[in-house]
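Visitor: Here is my input; please provide its structure:
(chains A and B)
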Protein chains: 2
Amino acid sequence: MQPGALEGLKVLDLGRVLSAPFCAAMLGDMGADVVKIEQPEKGDDSRGFMPRKDDVSTYFINFNRSKRGITLDLKKGKEVFLELIKNVDVVVENFRPGVMKKLGLDYAELKKVNPRLIYAAISGFGQTGPYAHRAGYDTMAQAMSGIMSVTGFPGSEPTRCGASVADIMGGLQAVIGILAALRYREKTGEGQMVDISLVDVSVVGLSSVNQVYLTSGRVPLRNGNSYESSAPGGGYHTKDGYFIMNGSAPKFWGILCNAMKKPELLEDPRFATNALRVTHKKELDAIVTAWTKTMTTDEIINLLLPLGFAVAPVMTIDQVVADPHIGGVRQMFGEVNHPQIGKIRVTNQAVKMSATNPEIRRSSPLLGEHNKDVYQGELGLSEERLADMRRDGII
Amino acid sequence: MQPGALEGLKVLDLGRVLSAPFCAAMLGDMGADVVKIEQPEKGDDSRGFMPRKDDVSTYFINFNRSKRGITLDLKKGKEVFLELIKNVDVVVENFRPGVMKKLGLDYAELKKVNPRLIYAAISGFGQTGPYAHRAGYDTMAQAMSGIMSVTGFPGSEPTRCGASVADIMGGLQAVIGILAALRYREKTGEGQMVDISLVDVSVVGLSSVNQVYLTSGRVPLRNGNSYESSAPGGGYHTKDGYFIMNGSAPKFWGILCNAMKKPELLEDPRFATNALRVTHKKELDAIVTAWTKTMTTDEIINLLLPLGFAVAPVMTIDQVVADPHIGGVRQMFGEVNHPQIGKIRVTNQAVKMSATNPEIRRSSPLLGEHNKDVYQGELGLSEERLADMRRDGII
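Guide: Purely as a prediction, here's the structure:
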């Protein structure tokens, strides 16, 4: 195993469910020492989420690998939390804005005990503005950023992207904010707050779409899988599936006519230019589909790839996992060895680094598994104090 | 304007179109000194992309703000490029794998002249594996990662997410790799290569979906806007639009029946439990829709929000830009002052930082605008040498 790029970095993860835990797991895979703090008895809600194996949530395992775990009631254990804060570099949380302030534990308070602290908060709408206190999940962010309005087919309902892209981009942007803040701290000694909103990150995801409206005033809507300005192209059915073809360069029209063994189309006035092909896309797509449906997806990919087309099969998750490139050489699925349920496969990191490649460093913690390690071993609390804290429901 | 978190960092951007230019613009907004290198005469293809104002691409402006720009033919100007490399911290590119090697300018070569260099490459499929040399755009990555297979409605065609999420997540993951590598370099003096694939980053976007298959063997497919395990919930039409409701907590069923003024539904055996409501979702949704269609989206949001529901209107891009929270307080749209076409609105950064908030620092460069600055001012080449390079098509 290579060294981690973030070795020596100490992180407290107050996250629940997805975006903040994902952010902290990424820091952990990169070698940071991440301690997840959970409510005593109850723990992170996602410990109860599907999918489960033998009653253990593998959803939780995936987003909480490469962390140790302790329990702490932030209300009753406020003093202990402030002790922990003195010795860490980073805190990540995704409470609804206001929760940490009510506890007297917002960034303004925490920086008093540790001015070097970097405090990252992820929320549905961010820490400021009229919607700050609303509950905001991935789907709400996709709805209010405009992602849903441009996903789907003309005439279809607005459509959610099936990947939780708001949550994931939220986690990624939080990692960026934390690492940038660390670099600033190297020079100045000063920590700061990083404020991430799931809606904001989704708006950034739409940068190229937004630009159409910001420039021309035209409101982009759903366009299915087609390209607006070239034809043929987009999604086509095959004998056994569906594939995507990007043939926007004009030369591909000739290449495609030859591949289809329909040279007469080159003379067809309806399809003489790209603009005309866009105008007659419906008839054109019917001709192309009649041809693509005579072959399997594999056959058509193997035929068109060597001709220089950008083509891709639409793959289902089982195919992705089994794929020799994605699941194989790129190692996009890794393994955790869980103390209760053994080997569990999870999704790996996508950042591949030559000297410090991210790795899954340990399984997700059992609830409070590292209380003794952290409270006794690192904070120096006595065995008696620990027993008291347990009795009082502090840990 | 606050200081930038990345001030002092020197970046060369060899990127074209979206993912690498987006990555470099983010570093620029964070204060890095980013120099974009383009092919003489021709420039980045996206200089010709729509949308345009007075023949200038605002697509290009958005993804290339906060950079200076120079021209350089990497074949004829190889020596000059190696000189530039000696003085920078980071190179970002999104050529097809193999292109830089053919030029004798891959990471293995560049680290010989600058062992501290961090070299980030973004490509469709990554630098390794059987698909490495395929052309891969955003849609291909969405297709081959499984995103399309889980986006859309049951029975609909697989659907592309209308946001270029593979490209954007690719840029974000590259920023993360670069910043993590910088931290490692602080300790060791060693640079490294960061290898990002648009397919890999899309697979990470699907983490929670993948987990279903990895655990249970069930292949997740398209589920529209519905939640699999609770009802009512998902998307509903209103008098003037569409909104999303997440009412997964069981108490919301009672609250909703009261809001609809249909207390009799609470006695209806078809809807007595969450499991039964999922089974009879079609009839249930018909009843809910009959009610939601009597109100505007605003009216229903204003009615349900105070009752504790997580609800969100599906907003179009014009509404997002005009929104007092998103376009307003969160300042998600910024402005560039372009020397030829004046003020142009673009999408802002989502990372909000208390001490070093990212800002748009300058407009995108005209082609070769900073040749003199960089080649004479920084590299110390003579005026004559510059004239020669211009004559020889090197710059």
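
Visitor: Please name the spatially closest residue to the residue nearest to the spatial centre of chain A (chain neighbours excluded).
Guide: Central residue check for chain A by CA atoms, centre = their mean: the C-alpha nearest the mean position is that of residue A:168, 2.1 Å away. Sequence neighbours aside, residue B:205 is the residue nearest to residue A:168 in space, at 4.9 Å (criterion: CB to CB, 6 or more residues apart in numbering or on different chains). From N, CA and C alone the C-beta is placed, and that goes for glycine too.

Visitor: how about that neighbour, what does it touch?
Guide: A:163, A:164, A:165, A:168, B:145, B:147, B:165, B:166, B:169 (CB atoms under 8 Å, 6 or more residues apart in numbering or on different chains).

Visitor: that older thread, hang on, the residue nearest to the centre of chain A packs against residue B:202?
Guide: No - with contact defined as CB atoms under 8 Å, residue A:168 does not count as touching residue B:202 (9.7 Å).

Visitor: top of the contacts of residue B:205 by neighbour count?
Guide: When neighbours are counted by other CB atoms under 10 Å in any protein chain shown, residue B:166 leads these with 34 neighbours.

Visitor: Would you tell me what helix or strand the nearest residue to that residue once chain neighbours are set aside is located in?
Guide: Once flanking residues are discounted, residue B:166 sits nearest to residue B:141: 3.6 Å by CB to CB, 6+ apart. In this structure, residue B:141 sits in helix B:138-145 according to DSSP states H and E.

Visitor: Run through who's touching that helix.
Guide: A:225, A:243-244, A:246, A:310-315, A:320, A:323, A:326, B:18, B:124, B:134, B:147-148, B:151, B:158, B:160-161, B:164-167, B:170, B:197-199, B:201-203, B:205-206.

Visitor: Mind checking which of those residues are in strands?
Guide: Taking DSSP state E, the ones among the contacts of helix B:138-145 that sit in strands are A:243, A:244, A:246, A:310, A:311, A:312, A:313, B:197.

Visitor: who touches the second one in this structure?
Guide: Just to be clear, that refers to residue A:244. A:225, A:234-236, A:311-314, B:139-140, B:143, B:148, B:160.

Visitor: and what of the fifth one?
Guide: Residues touching residue A:311, when contacts are defined by CB under 8 Å, 6+ apart, comprise A:243, A:244, A:245, A:246, A:300, A:301, A:304, A:305, B:140.

Visitor: hmm, 6 Å instead?
Guide: A:243, A:245, A:301, A:304 (CB atoms under 6 Å, 6 or more residues apart in numbering or on different chains).

Visitor: what residues are up against the residue of the stretch 151-300 of chain A found nearest chain B?
Guide: Relative to chain B, the nearest point of the stretch 151-300 of chain A is residue A:162 (3.1 Å; CB to the nearest CB). Residues counted as contacts of residue A:162 (CB under 6 Å, 6+ apart) are B:150, B:151.

Visitor: Looking at it now. What's its pLDDT?
Guide: Here, the pLDDT recorded for residue A:162 equals 97.

Visitor: The stretch 251-395 of chain A against chain B: which residues are in contact?
Guide: Counting by CB under 6 Å from any CB of the partner chain, the residues of the stretch 251-395 of chain A close to chain B are A:310, A:312, A:314-318, A:320, A:325, A:329-330, A:332, A:345, A:347, A:350-356.
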